[in-house]
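>>> attaching a predicted model along with its sequence, questions to come.
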Amino acid sequence: MSKGAYARAYETSRQDPEAFWAEAATDIDWITRPTRVLDDSRAPFYTWFPDGRLNVCYNALDRHVVDGRADQAALHYDSPVTGSRATYTYAELLELVSRFAGVLRDLGVTKGDRVVIYMPMVPEAVIAMLACARIGAIHSVVFGGFAPQELAARIDDAAPKVIVSASCGVEPKRVVAYKPYLDEAIRRAEHKPDRCVILQREQQPAELGERDLDWAEVMRPGVVQPAECVPVEASHPLYILYTSGTTGKPKGIVRDSGGYAVALRWSMPNVYGIEPGDTMFTASDVGWVVGHSYIVYAPLLAGATTVVYEGKPIGTPDAGAFWRVVQDYGVSSLFTAPTAFRAIKKEDPEARLLADYDISSLRTIYLAGERLDPDTYHWATERTGRPVVDNWWQTETGWPIASNPRGIEELPIKPGSPSTAVCGYDVRVLDDQGTEVPAGTEGAIVIKLPMPPGTLPTLWQDDDRYVSSYLSAYDGYYLTGDGGYIDEDGYIYVMGRTDDVLNVAGHRLSTGSIEAALAGHPAVAECAVIGVADSFKGQVPRALVMLKSGVDASTPEAQDRLRKELVQRVREEVGAVAALHQVDIVDGLPKTRSGKILRKTMRQIADGQEAQVPSTIEDRSVLDSLTSVLRPQG
């Protein structure tokens with residue numbers, strides 16, 4: 001593309017969004033082509049393509065079979081934890097999805113009914129999601145292995161007619177029985193589903209009860225008639241995806257059908273450089289928004305091939321796991337979280353295992369889910385020789401707010417920034433009074449309304465909470481909850497959640513800038529900075545640091561020397577005002593399953609408050625082991 005292609009496309013999306021998205025919508029097969037692009041009559045509740053009708057499953061599967069991609073691989077399943085693999089062509093996947101859609105239909109599921117999916121990373125999870133889309137049902141995927149009380153809360157909120165689950169999930173060192181969790185969740189929930197369909201896995205089959213059906217039995221050929229696609233309005237909810245709320249009650253993010261299909265289809269070639277026939281490996285989970293968008297819907301909408309990976313970046317069997325998947329399936333684009341790369345870096349600092357694999361097919365690495373610190377960026381770039389692109393977005397937005405639009409124009413990469421706003425997102429930075437701040441000045445990152453297609457139109461059955469949570473802070477803007485700044489070139493720097501901004505003696509400091517300084521030390525594998533209460537300065541930063549393998553910190557003297565180096569490094573790179581004095585060397589950092597470090601929870605413990613531990617915590621024992629370190633003494 002010629003120089004300035006991104007700038008021209010972005011300006012068009014801002015100045016004439018209706019023309020921009022009308023053009024993008026031509027890449028979708030509509031049952032009733034929309035004559036209107038945006039309905040703003042109920043602002044701030046906007047509707048994209050209000051008079052359009054479509055079926056998302058048809059766009060993800062049927063049309064590719066019709067257009068000649070029937071024998072192309074649609075999905076590769078790779079499970080190092082079970083030692084199994086499978087490949088499904090578009091025709092094969094369409095047959096299975098149509099059959100399971102018939103199962104749901106025969107169980108009484110109709111357009112608008114909800115289906116909760118509580119499954120591990122197996123092809124059947126994708127099949128169930130697409131089957132719901134096929135008949136106009138609304139799916140709500142809950143991360144497999146979630147605790148019963150959290151699953152029960154989602155069952156009560158979504159009120160599903162059917163729940164689709166599995167007997168167990170398989171981790172590198174253990175098997176997690178899902179069925180007892182599901183049974184207990186249903187027992188606790190006020191709403192009871194009519195039926196449950198259970199995928200029996202050989203690692204730990206489950207005992208089935210009266211409301212339970214065996215997936216294998218109901219999916220036998222000839223048991224049901226395959227279901228045809230049901231037309232739905234563009235505004236019809238495709239799915240509900242729950243995210244943690246500050247009140248403890250989960251927030252049900254609603255995703256529409258038409259806007260989401262248009263946005264994801266547009267994003268594949270323009271943001272991720274993925275064309276029909278390419279293979280995309282998104283190392284996430286279908287329980288998260290990244291999995292919904294870039295394991296399931298976007299690759300299939302684009303006629304690409306997706307990888308469903310039931311494994312980890314390390315330990316299944318080693319830190320070469322991702323490189324092996326890239327080699328085996330000819331992966332063009334790898335998408336994962338920075339946490340995964342930090343784990344690989346910690347296990348294999350010199351990336352020696354990379355030499356065992358041919359990754360010549362890999363064009364680009366994309367990272368999202370948390371801030372990509374410059375040290376991890378440099379390590380991944382230097383070791384792989386590939387562009388490493390940060391992209392920033394949220395469960396709420398469904399697709400990137402900021403990224404390097406490599407399909408439009410390969411912009412220079414600036415370490416520490418997810419690059420520029422993606423077409424359709426009018427990103428601003430405001431101060432506490434709602435005034436836009438100059439370039440380079442930190443503030444609250446917001447998005448001017450209306451947001452582009454594919455973003456949340458509201459919360460499930462809770463318009464008031466949608467407004468109070470996201471739209472009430474600044475009139476006419478969506479509050480991202482993240483703080484940062486935009487530089488003079490339009491590059492966005494996301495420095496952390498706004499409640500992770502430190503106020504040290506009146507100086508506002510982001511945890512991200514201090515973490516970047518610490519992460520640049522050659523001994524540091526990963527770190528987190530929290531602001532703890534201080535009677536004199538209001539807050540002071542406190543650092544928790546994990547060391548790379550092989551770093552000698554076995555003696556108090558070695559640890560003291562390292563702490564002094566880290567404190568000095570922050571003083572030099574951030575300034576004395578950062579006032580970092582306490583550095584704790586730890587074995588692990590508590591995270592959510594999507595890789596976000598629980599800074600707020602750690603800060604609450606350090607301040608002697610009752611800690612709010614989100615249901616999405618990956619390993620509670622890591623937090624428990626840190627409690628004695630964090631808790632104030634005396």
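Yep, it's here.

>>> how close does the residue nearest to the spatial centre of the chain sit to Tyr297?
Among the residues of the chain, Val290 comes closest to the average C-alpha position under Cα atoms, centre = their mean, at 3.5 Å. From Val290 across to Tyr297, the span is 11 Å (Cβ to Cβ, to the nearest Å). Yep, even glycine has a C-beta here, placed from its N, CA and C like the rest.

>>> cool, and Asp464?
Taking Cβ to Cβ as the measure, Asp464 falls 29 Å from Tyr297.

>>> with Thr89 instead?
When distances are taken as Cβ to Cβ, Thr89 and Tyr297 turn out to be 18 Å apart.

>>> so these two - more neighbours on which side?
When Thr89 is set against Tyr297 and neighbours are counted by other Cβ atoms under 10 Å, the residue ahead is Tyr297, at 30 against 18.

>>> now do the SS call for the more buried one.
The local conformation at Tyr297, judged by DSSP: H, G, I helix; E, B strand; the rest coil, is helix.

>>> surely it touches Cys57?
No: using Cβ atoms under 8 Å, Tyr297 is not in contact with Cys57, being 9.8 Å away.

>>> what does the residue located most distally from the centre of the chain show for phi and psi?
Summary for the chain: using Cα atoms, centre = their mean, the residue whose C-alpha lies farthest from the chain's mean C-alpha position is Glu557, with a distance of 41.1 Å. Phi and psi for Glu557, reported as degrees, to the nearest 10, are phi -60, psi -40.

>>> likewise Val545?
Dihedral pair for Val545: phi -130, psi 130, per degrees, to the nearest 10.

>>> do the same with Tyr10
For Tyr10, the backbone dihedrals (degrees, to the nearest 10) come out as phi -70, psi -40.

>>> residues in contact with Asp482?
For Asp482, the contact set (Cβ atoms under 8 Å, 6 or more residues apart in numbering) comprises Trp392, Ala444, Ile445, Val494, Met495, Gly496, Arg497, Thr498.

>>> that one belongs to a helix?
No: counting by three-state DSSP, Asp482 is not found in a helix; it is strand.

>>> what bridges to it?
Arg497 (DSSP bridges).

>>> pLDDT at it, what is it?
pLDDT, Asp482: 91.

>>> what about the residue lying closest to Pro276 once chain neighbours are set aside, how many neighbours?
If you skip the residues right next to it in sequence, Pro276 has Gly303 as its closest partner in space, 3.5 Å away by Cβ to Cβ, 6 or more residues apart in numbering. Here the number of neighbours of Gly303 (other Cβ under 10 Å) works out to 23.

>>> ditto for Met451
Using other Cβ under 10 Å, Met451 has 25 neighbouring residues.

>>> check Ala473 too.
Applying other Cβ under 10 Å, we find 17 other residues in the vicinity of Ala473.

>>> show me the contacts for it.
Ala444, Val446, Leu479.

>>> can I assume it sits in a helix?
No: residue state for Ala473 (three-state DSSP) corresponds to coil; a helix is not indicated.

>>> phi, psi for it please.
In this entry, Ala473 is assigned phi and psi values of phi -70, psi -40 (degrees, to the nearest 10).

>>> how close does it get to Val65?
Distance check for Ala473 against Val65: by Cβ to Cβ, it reads 47 Å.

>>> with Gly595 instead?
Distance, Gly595 to Val65, by Cβ to Cβ: 36 Å.

>>> repeat for Val56
15 Å.

>>> go on, Lys448?
Distance of Lys448 to Val65, given as Cβ to Cβ: 40 Å.

>>> and if you look at Gly512?
As for Gly512, its distance to Val65 is 46 Å (criterion: Cβ to Cβ).

>>> so the two - more neighbours on which side?
Neighbour count, other Cβ under 10 Å: between Gly512 and Val65, Gly512 has more, with 22 against 18.

>>> wait, is that one part of a helix?
Yes: assigned with three-state DSSP, Gly512 falls within a helix.

>>> my read: it touches Val501, true?
No: between Gly512 and Val501 there is no contact, the gap being 9.5 Å when judged by Cβ under 8 Å.

>>> can you work out which residues contact both of these two?
The overlap between the contact sets of Gly512 and Val501 (Cβ under 8 Å, 6+ apart) consists of Met495.

>>> roughly how far is stretch 411-425 from the heart of the chain?
From the chain centre to the centre of stretch 411-425 is a distance of 18 Å (Cα atoms, centre = their mean, to the nearest Å).

>>> again but with stretch 451-459, I slipped
Averaged over its C-alpha atoms, stretch 451-459 has a centre that lies 16 Å from its chain's centre (Cα atoms, centre = their mean).

>>> who's in contact with it?
When contacts are defined by Cβ under 8 Å, 6+ apart, stretch 451-459 is touched by residues 13, 17, 21, 24, 45-49, 235, 251-256, 258-260, 262-264, 396-399, 423-425, 465-466, 469, 478.

>>> among those, which lie within strands?
The strands, defined by DSSP state E, take in Thr47, Trp48, Lys251, Gly252, Ile253, Val254, Arg255, Asp256, Tyr478 from the contacts of stretch 451-459.

>>> from those, list the buried ones, please.
For these, a neighbour count by 16 or more other Cβ atoms under 10 Å gives the buried set as Thr47, Trp48, Lys251, Gly252, Ile253, Val254, Arg255, Asp256, Tyr478.

>>> so what's the second one closest to, chain neighbours aside?
What sits nearest to Trp48 in space, not counting adjacent residues and going by Cβ to Cβ, 6+ apart, is Gly259, at 3.7 Å.

>>> pretty sure the one you found contacts Ala234?
Yes: with contact defined as Cβ under 8 Å, Gly259 counts as touching Ala234 (6.6 Å).

>>> so where's the stretch 101-250 of the chain uncertain?
Residues of the stretch 101-250 of the chain meeting the criterion pLDDT under 70: 244-248.

>>> many thanks, we can stop here.
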